[in-house]
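K.L.:
below: sequence and its predicted model.
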Amino acid sequence: MDIKKIYEDSKALLKGHFLLSSGNHSEFYLQSAKVLENPKTAEILAKELAKEIQKSSLLIDTVCSPALGGLLAGYELARALKVRFIFAERVQGVMTIRRGFEIKKGERILICEDVITTGKSAMEAAKVVEEMGGEVVGFAALANRGFCHREGSSIKRASNCKLPPNLPFFALEDFTFEIYSPDNCPLCKKGNRAVKPGSRGN
Ligand code: ZN
């Protein structure tokens with residue numbers, strides 16, 4: 001399955017000159033929500049990810065996603081894996097599990113995001129799951145931004161990856177982009193201005 005093509009066709013993989021939230025510039029931007037805009041595409045991607053996970057014979061009772069980004073990917077993945085789905089959300093900045101969701105002691109939980117960059121939100125969700133007695137058995141995302149090592153990829157873990165190295169991380173594809181500081185950006189040198197993703201209808 002050509003995951004990059006699915007992202008391009010869904011306008012989830014954008015090419016241009018982007019100003020990232022870090023202040024750096026990039027030629028590409030991943031607008032993950034766009035790939036899930038069509039429920040059929042979401043279903044196809046989640047089934048493919050479920051297949052990868054099932055190959056590993058990892059036992060999973062429940063998928064948990066950090067809101068908001070991970071909700072759709074996690075829900076579709078739970079459906080494909082035929083397991084329960086819960087979510088964590090930030091309350092005044094602190095990742096929390098509420099809304100009556102319960103976790104049994106030792107319940108095997110997979111944390112799922114739409115995209116894993118450094119894995120910060122995923123780790124915050126993992127922490128709450130463990131505080132409630134669950135066992136985090138792995139991580140999943142549709143896309144890996146290339147800082148963490150996903151199962152089956154030659155891309156190595158970078159020093160800013162927050163996922164634990166001893167747990168598996170499943171994703172469909174690596175999306176590694178060059179990132180430039182503004183004073184060293186070849187796109188700026190060509191004379192065009194970096195735009196904030198989302199500011200021009202993207
Ligand atoms: Zn630039």
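P.N.:
Looks like it came in fine.
K.L.:
what are the buried residues along the lengthiest helix in the chain?
P.N.:
Identified as the longest helix of the chain according to DSSP state H is helix 39-55. Going by neighbour count (16 or more other Cβ atoms under 10 Å), the buried part of helix 39-55 is 41, 42, 45, 46, 48, 49, 50, 52, 53. No exception for glycine: its C-beta is placed from N, CA and C like everyone else's.
K.L.:
distance of the fifth one from residue 39?
P.N.:
Pointing back at residue 48 there. 15 Å (Cβ to Cβ, to the nearest Å).
K.L.:
follow-up on the earlier one: other SSEs contacting the helix or strand following the longest helix of the chain?
P.N.:
Next along the chain after helix 39-55, taking DSSP states H and E as the criterion, comes strand 62-66. Where contact means 3 or more Cβ pairs under 8 Å, 6 or more residues apart in numbering; DSSP states H and E, strand 62-66 is packed against helix 71-81, strand 84-91, strand 108-116, helix 120-131.
K.L.:
what residues does strand 62-66 touch?
P.N.:
For strand 62-66, contacts defined as Cβ atoms under 8 Å, 6 or more residues apart in numbering pick out 71, 73-75, 77-78, 81, 83-89, 95, 97, 103, 107-113, 121-122, 124-125, 129, 134, 140.
K.L.:
now tabulate the buried residues of helix 39-55 in TSV and tack on pLDDT and distance to residue 12.
P.N.:
Output for the buried residues of helix 39-55, formatted as TSV (pLDDT from 0 to 100; distance: Cβ to Cβ, whole Å):
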residue	pLDDT	distance to residue 12
41	97	9
42	97	11
45	98	10
46	98	15
48	98	15
49	98	15
50	98	20
52	96	19
53	97	21
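K.L.:
local confidence estimate at the most centrally placed residue in the chain?
P.N.:
The centroid of the chain falls nearest to residue 115 when counting by Cα atoms, centre = their mean (1.9 Å). On the pLDDT scale, residue 115 is placed at 96.
K.L.:
my read: it touches residue 34, true?
P.N.:
No. Applying Cβ atoms under 8 Å as the test, residue 115 and residue 34 come out as separate, 11.6 Å apart.
K.L.:
so what's the gap between stretch 91-111 and the chain middle?
P.N.:
18 Å (Cα atoms, centre = their mean, to the nearest Å).
K.L.:
low pLDDT regions in the chain?
P.N.:
198-202 (pLDDT under 70).
K.L.:
what residues does it have near the ion?
P.N.:
Neighbours of the ion within the chain, by Cβ under 5 Å from the ion: 25, 185, 187, 188, 194.
K.L.:
again, only this time at 6 Å
P.N.:
Residues of the chain lying near the ion by Cβ under 6 Å from the ion: 17, 25, 180, 182, 185, 187, 188, 194.
K.L.:
so which of those residues is the most crowded?
P.N.:
residue 25 (23 neighbours; other Cβ atoms under 10 Å).
K.L.:
find the nearest non-adjacent residue to it, please.
P.N.:
residue 185 (4.3 Å; Cβ to Cβ, 6 or more residues apart in numbering).
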